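Peer 1: only geometry, no sequence info:
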């Protein structure tokens, strides 16, 4: 396992830090909770065209995925702090390849995103979202985890280029909102205008939302296997890309 | 294997047309404390970055303990410990955790590293604070923690980039003691612009300026560059003919009523000179000695003009008052 030593150490350190700052990421659950409790529950009895289930069932999986998407991407900000406080140099000069450090970070961000996603899933079930099977829940977590990896990797890639936290938050929000609103999380894209439909289908996060929704509730607009494949390849590409970006970091 | 820990040949580094290093060749023997002295912007940190694989040289080669820094990066990194100029720890982890993750990154098994961590924390006097968050440490304690961290994986070479900048005199002296204890077993390469630090710690000093090594040797070698020390004698009599007659090996000048006697070693010759003068009946109203300091050497070599950042720290007194003789 020598070759994953760096991945393991970076991941372990992330976990120690997250555990110490539980409050930070528990507070981050408040915003998605608003969406779930006020938007989804509030619009519960709205009937969507072409969808048999109510709006809560339709939208909850997308909001669960949004929790992961947002939080994981913001973990990229840690890289900026590490640069500011100098700790980054300790990683850069360690006898491990850079990609190991990035993979460790991406896994850390994905795990913390997944934990939030799991908590949100429980809240959604309590709020009235029925689940189709236990295996479906496990499949959904697989989608959440992949989304978490991709999202952390995007955050890290931005953090490589943007050196101040305000700039990072600004840019990341600029990326996150289109990714979320164009993911079909809040509305069925099949009945949307052609241009919106086009954009939603172009957005890789759509496949995460669709996969999670199909796994949890059985509602399907895109085939399950297609969702899994698209999200998987997207994740591989962005993780590879962020590792490449990290290679360019000089002190 | 050669007797040298580090061998560099004609190392150059350019940043956007600016030549930071203009062909640096150095041979650093194993087990010594090697000091790299130079004004701000002279290229010290750049050279260290190349030795430690953080930056790549544009040309030239560096071999560290038999490994090429460009081709065998990870082997080089494993055998070095680095203390950066600025802090590089995680303040939200405890001292122990900082060292523990470091040891793991360097491939040390946990059971071995736990014991070693306690040893090095003891060495820098932080044993009792090992489970405290580093955020709660003072600047000196953080630096000590980082030195301990650089030693955890038992490096063959320890690099310290201005290790005592911004520390109080007590902490500096403590650090020097720790470093002295490592002499012989670990090759230490440090950069500094504190002359007293270089003088007290370093076996070999290299002066670097404008990207080139301009002098190299131990502190006595370097002092010889400036050429002799000065004994100042205040007297109303003319002592020049007296000294000439005595055939004492020295040269004498008179400036503002004070005689400047230039000798090789002031400490050894002052008693003799005073005896000669007294025997000749010269009235002496004051004596002072100006011994050559590394600072004189430094200023002699690098000039006195101010550098773009902060100037060199002038803190060693260059005049030593030996009291008055009447």
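Peer 2: Cool, the structure landed. All values derive from a computational prediction rather than experimental measurement. Numbering: from 1, shown residues only, chains lettered A, B, ... in the order given.

Peer 1: how about the residues of chain A by chain B?
Peer 2: Counting by Cβ under 8 Å from any Cβ of the partner chain, the residues of chain A lying close to chain B are A:2, A:5-6, A:8-9, A:12-13, A:16-17, A:20-21, A:82, A:85-97, A:250-251. C-betas here are computed from N, CA, C, even on glycine.

Peer 1: going through those, which ones are buried?
Peer 2: With neighbours counted using 16 or more other Cβ atoms under 10 Å in any protein chain shown, the residues of chain A next to chain B contain these buried positions: A:5-6, A:8-9, A:13, A:16-17, A:82, A:85-97.

Peer 1: can you tell me how far residue B:116 is from chain A?
Peer 2: 16 Å (Cβ to the nearest Cβ, to the nearest Å).

Peer 1: please apply the same query to residue B:174.
Peer 2: 22 Å.

Peer 1: who does the host helix or strand of that residue touch, helix- and strand-wise?
Peer 2: Element membership of residue B:174, judged by DSSP states H and E, is helix B:169-182. If you count contacts as 3 or more Cβ pairs under 8 Å, 6 or more residues apart in numbering or on different chains; DSSP states H and E, helix B:169-182 packs onto helix B:139-152, strand B:187-192, helix B:195-201.

Peer 1: neighbouring strands - and their directions - for the second one?
Peer 2: Looking back up the chat, that one is strand B:187-192. strand B:33-37 (parallel), strand B:157-161 (parallel) (DSSP bridges).

Peer 1: so of these, which one's packed in deepest?
Peer 2: strand B:33-37 (a mean of 27; mean count of other Cβ atoms under 10 Å in any protein chain shown).

Peer 1: contacting residues around the spatially most central residue of chain B?
Peer 2: Central residue of chain B (Cα atoms, centre = their mean): residue B:198, 2.7 Å from the mean position. By Cβ atoms under 8 Å, 6 or more residues apart in numbering or on different chains, residue B:198 lies in contact with B:35, B:37, B:192, B:205, B:219, B:294.

Peer 1: pLDDT for the residues you listed - can I get that in CSV?
Peer 2: Listed next are the contacts of residue B:198 as CSV, based on pLDDT from 0 to 100:
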residue, pLDDT
B:35, 94
B:37, 90
B:192, 87
B:205, 93
B:219, 83
B:294, 83
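
Peer 1: for the chain, what spans make up the helices?
Peer 2: Let's take chain A. Ranges of helices in chain A, per DSSP state H, are A:5-20, A:22-27, A:30-34, A:41-42, A:55-74, A:77-84, A:87-92, A:98-127, A:134-161, A:165-181, A:194-202, A:204-217, A:224-247.

Peer 1: chain B was what I was after
Peer 2: Along chain B, the stretches classed as helices by DSSP H are B:44-51, B:73-78, B:95-105, B:110-123, B:139-152, B:169-182, B:195-201, B:219-226, B:240-246, B:266-279, B:294-302.

Peer 1: turn the ones you listed into a markdown table, including distance to residue B:26.
Peer 2: Converted to a markdown table, the helices of chain B look like this (distance: least, Cβ to Cβ, whole Å):
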| stretch | distance to residue B:26 |
| --- | --- |
| helix B:44-51 | 8 |
| helix B:73-78 | 16 |
| helix B:95-105 | 28 |
| helix B:110-123 | 28 |
| helix B:139-152 | 21 |
| helix B:169-182 | 20 |
| helix B:195-201 | 16 |
| helix B:219-226 | 15 |
| helix B:240-246 | 43 |
| helix B:266-279 | 32 |
| helix B:294-302 | 16 |
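
Peer 1: looking at those helices, spot the one closest to residue B:31.
Peer 2: For residue B:31, the closest of these is helix B:169-182, at 9.5 Å, according to Cβ to Cβ.

Peer 1: let me know the angle separating the closest one from strand B:33-37.
Peer 2: 130 degrees (axes from the mean of the first three to the mean of the last three Cα atoms, to 10 degrees).

Peer 1: quick check: mean pLDDT across helix B:169-182?
Peer 2: Averaging pLDDT along helix B:169-182 gives 84.

Peer 1: for the residue nearest to the centre of chain B, which non-adjacent residue is spatially closest?
Peer 2: residue B:35 (4.4 Å; Cβ to Cβ, 6 or more residues apart in numbering or on different chains).

Peer 1: again with residue B:165
Peer 2: residue B:85 (6.9 Å).

Peer 1: residue contacts, that neighbour?
Peer 2: B:45, B:161, B:162, B:165.

Peer 1: pick the one among those residues closest to residue A:115.
Peer 2: residue B:161 (39.5 Å).

Peer 1: and the spatially closest residue to the closest one that is not a sequence neighbour, what pLDDT?
Peer 2: Once flanking residues are discounted, residue B:161 sits nearest to residue B:85: 4.2 Å by Cβ to Cβ, 6+ apart. For residue B:85, the pLDDT comes out at 86.

Peer 1: ditto for residue A:129
Peer 2: pLDDT for residue A:129: 90.

Peer 1: for residue A:234, same thing?
Peer 2: On pLDDT, residue A:234 comes in at 97.

Peer 1: nearest residue to it other than its sequence neighbours?
Peer 2: Nearest one to residue A:234, counting by Cβ to Cβ, 6+ apart, is residue A:204 at 4.0 Å.

Peer 1: for that neighbour, give me its contacts.
Peer 2: A:150, A:230, A:231, A:234.

Peer 1: how many neighbours does the last one have?
Peer 2: The number of residues packed near residue A:234 is 20, by other Cβ atoms under 10 Å in any protein chain shown.
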